[in-house]
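Student: What follows is a predicted protein model with its sequence.
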Amino acid sequence: MMPLTISNVGETSYIRKIIGKDDVRQHLAELGFVVGEPVTVVSKVSGNMILNVKGTRIALGQSMTNRIMI
Amino acid sequence: MRLTIALAGNPNSGKSTMFNDLTGSNQYVGNWPGVTVEKKEGKLKGMPGVVIQDLPGIYSLSPYTLEEVVSRNYLINEKPGAIINIVDGSNLERNLYLTTQLMEIGIPMVIALNMIDVVRKNGDTINVKKLSEALGCDIVETSALKGEGSVQVAQRAGELAKIGYQGERAHVFGGTVEHSIAHIEDLIRDKVEERYLRWYSIKLFERDEKVMEQLKLSPDILKNIENITADCEKEMDDDAESIVTNERYAYISRLMQSCLIKKPRKGNMTVSDRIDRVVTNRFLALPIFVAVMFVMYYIAVTTIGAIVTDFTNDTLFGAWIMEPLAAWLEGAGTAGWLSSLVVDGIIGGVGAVLGFVPQMLILFLMLAILEDVGYMARVAFIMDRIFRRFGLSGKSFIPMLIGSGCSVPGIMASRTIENERDRRMTVMTTSFIPCGAKMPIVALIAGAIFGNAWWVAPSCYFIGVAAVIVSGVILKKTRMFAGEPAPFVMELPTYHAPAASNVLRSMWERGWSFIRRAGTIILLASMGIWFFSSFGIIDGAFVMADMEESMLAAAGNFMAPLFAPLGFGNWRATVATVMGLVAKEEIVGVLGVLARVSGDALELVEEGAFAGLAGIAGMFTTASAFAYLLFNLLCAPCFAAIGAMRREMNSGKWTWFAVGYLCVFAYAVAMIYYQLASLFTTGAFTVATTVAVILLFALIYLLFRKPADYASAGIKQKQLRAGV
């Protein structure tokens, strides 16, 4: 497993685990970041990412992408 | 009977468009009690007695964000007659997540399956009948953007409200969870209203702290519930919240399989994805952004903006209103003081501010277009990495961008920042960025004292940005602002062509709140300043006097020593600074009057006729002139901007703190500059020099000190949020 942060633009991977405190995990889950879900990196600007998950583009800061393990 | 219908849905689901469509101009905008989350309600067009309550755009009803808490408190405590749940049909799976939660509250609900035109265009098919049966909920196909279906949705919601609670809807969860929930329902059946029973039971299963607090259940029942939850968790090998979330998604994905036929797409890249590849590209993002901004400012400030501003100031207020009015007042034999009050005080003051309205409207229009298209959300994303280093979030950038035109809309734009701390910090620092009205001072000092040196104007922007950064770093290390900026999370809407109605409405809403303020606070301030500058006590008698003998001059003389360490301890410069509170460009005009410059100093500056401004130049040395510039750039903004700060911070105390901080910061920076500049040029080392050096070290210390451990402050923050 590795953090989503290191994957590259255009890559699609499946979420295997989400780490962090309960409320952060829950918040990510509500945005569609749940285990088993495919997530595609649309763009990446020094650690911040635009991700495509469940048909929507969500921009996440690095502190959040570090918690999503693929 | 008054009937309230709540409008709930995800961000970017077309909710505000539908709200505007349903209510037209019958809207009331305010804040939810105690928080700065915007609250909008409006009367339903064509159906008297029905009020539409717009809820914030949310993804769920969990207690983690302010918007969610506000929404669920409203639904549970205020008990609206019906809910219209707006669902973006082109993104069904995500949007139904909130729907499954809204369904659990026993309030009659109708689903507006919105953006149905996009669904059709994409070639997808939604089996509405099947979906409606599965959810146990009426569905109306709508396209808010095209005004399709909104009326039917509202009518249906009205009908459902009359019928009332119709029993439980579809069960979303699997057997094990439903079993646990049924047990919890039995335990609290007599404690809550029947229609809220399921919602409360699920929340208790999730160990929702707020619900536990609210229901005040006996320790016995709580212990029973805990056992039920723990058993289920053990069986499913996960925590209760995750179980619920996962089962919701599982339910929705089953629904998708039976109700949605997606047309296969070529590749998996949408148009928006492809635009984002370019616009947020690592290398291209900043150049593209700079180009967009350049075009925007060029239009808003230099070309069209300058034309309309000049027209409003010189022609509309100058030639068409002030001159005829003055003549008329004179002709009607009005007392001199009254005509002076009306012409110079009220129209001069208010007019100076209203003169900015056309330019602002153009800037607002272009910003609204950029927002509606979806580009602004990308700007926040691009700038986030840079701003984060100084304790601000990417969302703070947009207010500063707007602030370079005028601080008032800039401060108002901070509203998009959800995190209260981040928003306060942005409100406090936005006015450091030199606004359009500060440019005449810059031009005056550059032209009359520095011989039109090219570096003066750019250095002002640089100083503004530096002040933002320095303040960001310093404030972040205080207890009030401690903690990382909230993690950057933002949904990026699909790019789409701007809708004229949305863009114009947004432009007008922002413009109007400014105009209205010009009619109140600035009106009063203008009258006040006119009074103090027109009357004075001469030979013991209270009479109308020249400005030099006025009460304002007396006050200026009294206050002037305060500015002596900054190099401009004379009453003229002091009075001009105070006048700057009404509108910053007043500073130049007032300096001109007080220095007995022939003609209007503001016009002389605009024409570049600096020879005629020698009188002003004579008041300053190079060092004191730049210190004066520094102080006026950084100190408290004009009344209009302070009013905006008050509104956005929603607290008088915080506004005073912000204004105090700005003044102290400006004073310190100007003093450090002036004293050190004097030391290097004259070599004179005085007490003030010592103070300046101490201030400099204090500033450096504040910048580089290690932030203390505010773990406890963090907890307090959380409690504050939870207490809403």
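Tutor: Yep, it's here. This is a predicted model, so every value here is computed, not measured.
Student: pretty sure B:Phe289 contacts B:Val379?
Tutor: Yes. Assessed by Cβ atoms under 8 Å, B:Phe289 is found in contact with B:Val379 at 6.2 Å. C-betas here are computed from N, CA, C, even on glycine.
Student: which of those two has more neighbours?
Tutor: Set B:Phe289 next to B:Val379 and count neighbours by other Cβ atoms under 10 Å in any protein chain shown: B:Val379 wins out with 22 against 19.
Student: list the contacts for the more buried one?
Tutor: B:Val379 is in contact with B:Phe289, B:Leu370, B:Gly394, B:Phe397, B:Ile398, B:Leu401, counting by Cβ atoms under 8 Å, 6 or more residues apart in numbering or on different chains.
Student: Can you give the distance of the helix or strand where it lies from its chain's centre?
Tutor: For B:Val379, the host element (DSSP states H and E) is helix B:375-388. Taking Cα atoms, centre = their mean, to the nearest Å, one finds the center of helix B:375-388 at 16 Å from the center of the full chain.
Student: taking the mean pLDDT, what do you get for it?
Tutor: What helix B:375-388 shows for mean pLDDT is 87.
Student: What residues sit buried inside it?
Tutor: Going by neighbour count (16 or more other Cβ atoms under 10 Å in any protein chain shown), the buried part of helix B:375-388 is B:375-385, B:387-388.
Student: Do the lowest-mean-pLDDT helix or strand in chain A and chain B come into contact?
Tutor: None of the helices or strands of chain A scores lower by mean pLDDT, DSSP states H and E than helix A:22-30, at a mean of 80. Yes. Helix A:22-30 lies within reach of chain B by Cβ under 8 Å from any Cβ of the partner chain, at A:Asp22, A:Asp23, A:Val24, A:Arg25, A:Gln26, A:His27, A:Ala29, A:Glu30.
Student: Report how many residues lie close to the last one.
Tutor: The burial count assigned to A:Glu30 is 23, neighbours taken as other Cβ under 10 Å.
Student: do the third one as well
Tutor: A:Val24 is flanked by 17 other residues according to other Cβ under 10 Å.
Student: Repeat that for the one 5 residues further on.
Tutor: Other residues near A:Ala29 come to 24 when the count uses other Cβ under 10 Å.
Student: Could you do the one 4 residues further on as well?
Tutor: When neighbours are defined as other Cβ under 10 Å, A:Phe33 has 23 of them.
Student: And for B:Met645?
Tutor: B:Met645 has 28 neighbours, counted by other Cβ under 10 Å.
Student: Just to check, it is in contact with B:Ile411?
Tutor: Yes. Using Cβ under 8 Å, B:Met645 is in contact with B:Ile411, at 5.6 Å.
Student: between the two, what contacts are shared?
Tutor: Common neighbours of B:Met645 and B:Ile411 (Cβ under 8 Å, 6+ apart) are B:Val427, B:Ser431.
Student: quick one: the helices in the stretch 51-200 of chain B?
Tutor: Applying DSSP state H, counting those that start in this stretch to the stretch 51-200 of chain B gives helices spanning B:66-73, B:92-104, B:116-122, B:128-135, B:150-163, B:175-188, B:197-205.
Student: I'd like to know which of those helices is closest to B:Ile700.
Tutor: Closest to B:Ile700 of these, according to Cβ to Cβ: helix B:66-73, at 36.4 Å.
Student: Taking helix A:22-30 as reference, get the angle to the closest one.
Tutor: 80 degrees (axes from the mean of the first three to the mean of the last three Cα atoms, to 10 degrees).
Student: What parts of chain A come near chain B?
Tutor: Counting by Cβ under 8 Å from any Cβ, chain A sits next to chain B at A:9, A:12, A:22-27, A:29-32, A:34-35, A:40, A:42-48, A:50, A:52, A:54-64.
Student: so what's B:Gly472 up against?
Tutor: Applying Cβ under 8 Å, 6+ apart to B:Gly472 gives the contacts B:Phe390, B:Gly391, B:Leu392, B:Met425, B:Thr429.
Student: What distance do you get for whichever residue of chain A sits closest to chain B to A:Ile50?
Tutor: Closest residue of chain A to chain B, Cβ to the nearest Cβ: A:Gly61 (3.2 Å). Distance, A:Gly61 to A:Ile50, by Cβ to Cβ, to the nearest Å: 11 Å.
Student: Which one's more surrounded, the two?
Tutor: A:Ile50 (26 against 23).
Student: Could you pull up the residues touching that one?
Tutor: With contact set as Cβ under 8 Å, 6+ apart, A:Ile50 has these partners: A:Val41, A:Val42, A:Ser43, A:Lys44, A:Arg57, A:Ile58, A:Ala59, B:Asp276, B:Thr280, B:Phe381, B:Leu492.
Student: Please read off the pLDDT at it from the model.
Tutor: Looking at A:Ile50, its pLDDT is 92.
Student: now the strands for chain A?
Tutor: Per DSSP state E, chain A carries strands over the ranges A:12-14, A:17-18, A:38-45, A:48-53, A:56-60, A:68-69.
Student: One more: the stretch 1-150 of chain B?
Tutor: Remark: strands assigned in the stretch 1-150 of chain B by DSSP state E, counting those that start in this stretch are B:3-9, B:27-31, B:38-43, B:50-54, B:82-88, B:109-114, B:125-126, B:138-141.
Student: between the ones you listed, which one is nearest to chain A?
Tutor: If you check each of those against chain A by Cβ to the nearest Cβ, strand B:82-88 wins as the nearest, at 9.0 Å.
Student: got the angle for the closest one vs strand A:56-60?
Tutor: Interaxial angle, strand B:82-88 versus strand A:56-60 (the same axes, to 10 degrees): 90 degrees.
Student: what's strand B:82-88 packed up against?
Tutor: Judged by 3 or more Cβ pairs under 8 Å, 6 or more residues apart in numbering or on different chains; DSSP states H and E, the packing partners of strand B:82-88 are strand B:3-9, helix B:15-23, helix B:92-104, strand B:109-114, helix B:150-163.
Student: repeat that for 7 Å
Tutor: For strand B:82-88, the contact count by 3 or more Cβ pairs under 7 Å, 6 or more residues apart in numbering or on different chains; DSSP states H and E identifies strand B:3-9, helix B:92-104, strand B:109-114, helix B:150-163 as packing neighbours.
Student: Can you list the strands that it pairs with?
Tutor: Sheet pairing here is set by DSSP bridges, and for strand B:82-88 it gives strand B:3-9 (parallel), strand B:109-114 (parallel).
Student: model confidence over that strand, on average?
Tutor: Per-region confidence: strand B:82-88 scores 94 on mean pLDDT.
Student: what's the burial count for residue 40?
Tutor: Here I'm looking at chain A. Around A:Thr40 there are 18 other residues, counting by other Cβ under 10 Å.
Student: The chain in question should be chain B.
Tutor: B:Lys40 has 18 nearby residues by other Cβ under 10 Å.
Student: Which pLDDT value belongs to residue 2?
Tutor: You didn't say which chain, so I picked chain A. 79.
Student: I was after chain B.
Tutor: Reading off the model, B:Arg2 has pLDDT 80.
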